[in-house]
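Undergrad: Curious how this folds, go ahead:
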Amino acid sequence: MLADGTVLGPATPVTDAVRLARYGRAFTYEPPSGGRTVLVPVQGVAGGTAVVLVALSESQLYAGTLASSLELAGIGVALVLLGLLVADRLGARLVGSARRLSRVADRLAAGDLAARAEPSGPPELRAVAREVNHLADRIDGFLTAERENAADLAHRLRTPVAALRLDAEGLRDPAEAERIAADVAALERSVDDIIRTAREPLRAAARRGAAGPGAAARRGASGPGPTDAGTAGPGTASAAGTQRPPCADLSAIARERADFWRPLAEDQGRELAFEAPGGPAVVRADPAGLAAAVDALIGNVFDHTPDGAGLRVTVARAVSGGCLLTVEDDGPGFPAGHVPERGRSGGGSTGLGLDIVRRSAEESGGSLECGAASGGGARVTARFGPAATDRRA
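TA: Below is the predicted model:
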């Protein structure tokens, strides 16, 4: 409708709302009959201000809204179900990882040190699983070191037991000598039982390590194994506060231990020869551990060769550094096709003697080699690393 009263389109009565819109104000209102009415003034029309009026009935106003509402409701329900599914999967992954980690912890608490957790789930649980595995490796390493030390201590008892047997054989009273010899034999059996008992868990752990690849490497890398126990010996603190590795004179210790065994060798008709270079042969090893290694090598000759079989103890300087300790005998040698290894001697013993020597050599940075002597007997060579001369080492 124009200002002069001209009506464009169907005739529309001039109401107060139309008159108000002529003043340039657009608005929407609800008429008494229902629906909606929209009025928009249009300026610049010839003859005055035009008013555009759009009127919608109640049915026109809500036509099609039901279908749109149902579509929006369906989309909302679908989004809620999708969110619940994603949350369920995330929760199941989180809870599953936590339950697996809990089962591994229960197995470790029950004494199964072979239990290991598979890192899975969120980064936090993967980090916890790795730390649990590291803790299990450390515990396994500590227990292994303790069992090794217990077996070592029991094995070292063989040296004083051998001295007791020698004293018993030197008694003048045959009945008294026989009684004491029987007691010494019983003591030897007890020592062997202690060694076997201490080493049985180690053999079981070795079998578990063979079943699971990398277990031995994890134990060696995580726990304070024999190396940690061996390097804790006496040392000299440097100016920086660190402790120097222990050192010992291999020539002096080997000579002293050979002299200790010489009376027993003479009693059994054995020739015990000793050879060492002039001057000290200092190696990186604890004196007590080095003496136990020499006793183990010499004691093996007395235990596994017949009376009268000679032996030779030789100390030499290695070309690559360090020193070599070699013990040869005139006995039958190692069994055919047998290579002595950890826990197996091939001679029906506990197999700990060579293990003690191997550990002492490896802790000093050396190695152990077993083979045949020139005369057909056994030949064992232990290489010990040189003593550290730099206090900052």
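
Undergrad: Look at the residue nearest to G366 when sequence neighbours are not counted and say how many residues are nearby.
TA: In space, and not counting its chain neighbours, G366 is closest to R383: 3.8 Å by C-beta to C-beta, 6 or more residues apart in numbering. Every C-beta, even on glycine, is put in place using the N, C-alpha and C of the backbone. Other residues within reach of R383, judged by other C-beta atoms under 10 Å, total 22.

Undergrad: what about R383, which SS state?
TA: Secondary structure, DSSP: H, G, I helix; E, B strand; the rest coil: R383 is strand.

Undergrad: Quick check: bridge partners of it?
TA: Residues in a beta bridge with R383, per DSSP bridges, are L324, S367.

Undergrad: residues in contact with it?
TA: Residues counted as contacts of R383 (C-beta atoms under 8 Å, 6 or more residues apart in numbering) are A318, G322, C323, L324, L325, A361, G366, S367, L368, E369.

Undergrad: So what's the predicted local confidence for the third one?
TA: With respect to pLDDT, C323 scores 92.

Undergrad: so it makes contact with T381?
TA: No. Counting by C-beta atoms under 8 Å, T381 is not a contact partner of C323; they are 10.8 Å apart.

Undergrad: ok, these two, which is more surrounded?
TA: C323 (27 against 21).

Undergrad: where does the closest residue in space to the more buried one that isn't next to it in sequence land on pLDDT?
TA: Computed as C-beta to C-beta, 6+ apart, the closest residue to C323 that is not its neighbour in sequence is A281, at 4.5 Å. On pLDDT, A281 comes in at 89.

Undergrad: what about A281, how many neighbours?
TA: Using other C-beta under 10 Å: A281 sits among 25 other residues.

Undergrad: I figured it hits V315, correct?
TA: Yes. A281 sits in contact with V315 when judged by C-beta under 8 Å, with a separation of 5.6 Å.

Undergrad: Need the overlap of contacts for the two.
TA: Counting by C-beta under 8 Å, 6+ apart, the residues touching both A281 and V315 are L250, S251, C323.

Undergrad: With distance to I139 added, can I get these in TSV?
TA: Listed next are those as TSV, based on distance: C-beta to C-beta, whole Å:
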residue	distance to I139
L250	35
S251	40
C323	36
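
Undergrad: which among those residues gets closest to G48?
TA: C323 (122.0 Å; C-beta to C-beta).

Undergrad: what are the ranges of the strands in the protein?
TA: 27-29, 36-45, 48-56, 248-249, 272-275, 282-283, 311-317, 323-329, 367-372, 378-384 (DSSP state E).

Undergrad: From the contact counts, what lies against the longest one?
TA: Read it as strand 36-45. helix 16-21, strand 27-29, strand 48-56 (3 or more C-beta pairs under 8 Å, 6 or more residues apart in numbering; DSSP states H and E).

Undergrad: and these, which one is worst for confidence?
TA: helix 16-21 has the lowest average pLDDT among the helices and strands packed on strand 36-45, namely a mean of 71.

Undergrad: For it, report the contacting residues that lie outside it.
TA: Contacts of helix 16-21 (C-beta under 8 Å, 6+ apart): M1, T12, F27, Y29, T37, L39, V40, P41, V51, L53.

Undergrad: Just the buried ones out of those, please.
TA: Buried by 16 or more other C-beta atoms under 10 Å: M1, T37, L39, P41, V51, out of the contacts of helix 16-21.

Undergrad: Just give me the least confident of these.
TA: Within these, lowest confidence goes to M1 (49).

Undergrad: so where do the helices sit in the stretch 1-150 of the chain?
TA: 16-21, 58-61, 65-109, 123-156 (DSSP state H, counting those that start in this stretch).

Undergrad: for these, which one ends up most surrounded?
TA: helix 123-156 (a mean of 17; mean count of other C-beta atoms under 10 Å).

Undergrad: so what does it touch, helix or strand wise?
TA: Using 3+ C-beta pairs under 8 Å, 6+ apart: helix 123-156 touches helix 65-109, helix 174-211, helix 215-222, helix 226-230, helix 287-304, helix 352-363.

Undergrad: where does the stretch 251-393 of the chain have low pLDDT?
TA: Within the stretch 251-393 of the chain, the segments meeting pLDDT under 70 span 336-352, 389-393.

Undergrad: and with 80 instead?
TA: By pLDDT under 80, the low-scoring segments of the stretch 251-393 of the chain are 335-353, 355-356, 375, 388-393.

Undergrad: just the contacts of R383 now: which is nearest G64?
TA: Looking across the contacts of R383 and measuring by C-beta to C-beta, the closest to G64 is S367, at 90.1 Å.

Undergrad: what sits against that closest one?
TA: A361, A382, R383.

Undergrad: likewise D307?
TA: Here D307 is in contact with Q268, G269, R270 (C-beta under 8 Å, 6+ apart).
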